[in-house]
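*Asks:* Here is my input; please provide its structure:
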Amino acid sequence: MPSTFFALVSRMKYIDRWALMRNSRSESLSEHSLEVAMIAHALCTIGNVRYGRSLDASRAALVGLYHDASEIITGDMPTPVKYHDSRIRDAYRRVEHEATQTLLAQLPEDLRPSYQQLFASDGSEDDDYLFALVKAADKVSALIKCIDEAQAGNAEFRTAEATTRTRVGELCEQMPEVADFCDEFLLPYGSTLDELL
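*Replies:* Okay, the predicted model is just below:
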């Protein structure tokens, strides 16, 4: 019987993020997931090289690619709604979990365990930290989107940028990898191609 898993995953390109806001350029879930994967890989590499960690950077990239895959089924829930209060947050987590299980059920049974590990930590300290770095990469990616919108003259993202900068600043204090990434790589975002080269 044909599996629909990858056909479903390919639909990430149809999920627009930041739906409640006017965007100068829309961002699909596919674009966001690629950026999160690259940043998560970089954060783990920084952790391994500079802070003596033993993180699987390739695994972090894969976790980043699939980190919002449940949104293929649920759509993108705007952050202000998702985190409005604990009841909504908890209910949405249950919906996300069910959506993830529905997605995984589309895989052939022998492949499911290999993909299940991309959606949840194995509970070890290193893996929990890896998943925390992927969440941090998600926030950094959101900040990059806000920077891009500001550079395009879109004031619609002003509040989102301030809130996201505060959250990323907190993550910088908690995780040296995030601080290093922001110190060394964040400033050039929003520059022109000529300026970057």
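
*Asks:* D68 and I15: what is the separation?
*Replies:* 8 Å (C-beta to C-beta, to the nearest Å). Placement of C-beta: from N, CA and C, glycine included.

*Asks:* wait, R93
*Replies:* Taken as C-beta to C-beta, the span from R93 to I15 is 19 Å.

*Asks:* And these two? Which one has more around it.
*Replies:* I15 (21 against 11; other C-beta atoms under 10 Å).

*Asks:* per-residue confidence for the more buried one?
*Replies:* We have a pLDDT of 92 for I15.

*Asks:* Where in the protein is the helix or strand with the lowest mean pLDDT?
*Replies:* helix 79-82 (a mean of 65; mean pLDDT, DSSP states H and E).

*Asks:* Got the confidence number for the most centrally placed residue in the chain?
*Replies:* Centroid-nearest residue in the chain, with C-alpha atoms, centre = their mean: D138, separated by 3.1 Å. pLDDT, D138: 97.

*Asks:* Kindly report the same for the one 3 residues further on.
*Replies:* pLDDT recorded at S141 is 98.

*Asks:* what does S191 give?
*Replies:* Taking S191 on its own, its pLDDT is 85.

*Asks:* Could I get the buried residue list for the one helix or strand D90 maps to?
*Replies:* Element membership of D90 [criterion: DSSP states H and E] is helix 86-104. Within helix 86-104, the residues scored as buried using 16 or more other C-beta atoms under 10 Å are Y92, E96, A99, T100, L103, L104.

*Asks:* need those residues in JSON lines with pLDDT and distance to A120, can you?
*Replies:* Below are the buried residues of helix 86-104 laid out as JSON lines (pLDDT from 0 to 100; distance: C-beta to C-beta, whole Å):
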{"residue": "Y92", "pLDDT": "73", "distance to A120": "17"}
{"residue": "E96", "pLDDT": "88", "distance to A120": "11"}
{"residue": "A99", "pLDDT": "91", "distance to A120": "14"}
{"residue": "T100", "pLDDT": "93", "distance to A120": "8"}
{"residue": "L103", "pLDDT": "95", "distance to A120": "13"}
{"residue": "L104", "pLDDT": "96", "distance to A120": "10"}
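
*Asks:* Pick the one among those closest to T4.
*Replies:* Nearest to T4, judged by C-beta to C-beta, of the buried residues of helix 86-104 is L103 at 9.3 Å.

*Asks:* Could I get the buried residue list for the biggest helix by length in the chain?
*Replies:* Longest helix in the chain, counting residues (DSSP state H): helix 125-151. Within helix 125-151, the residues scored as buried using 16+ other C-beta under 10 Å are 127, 129-134, 136-150.
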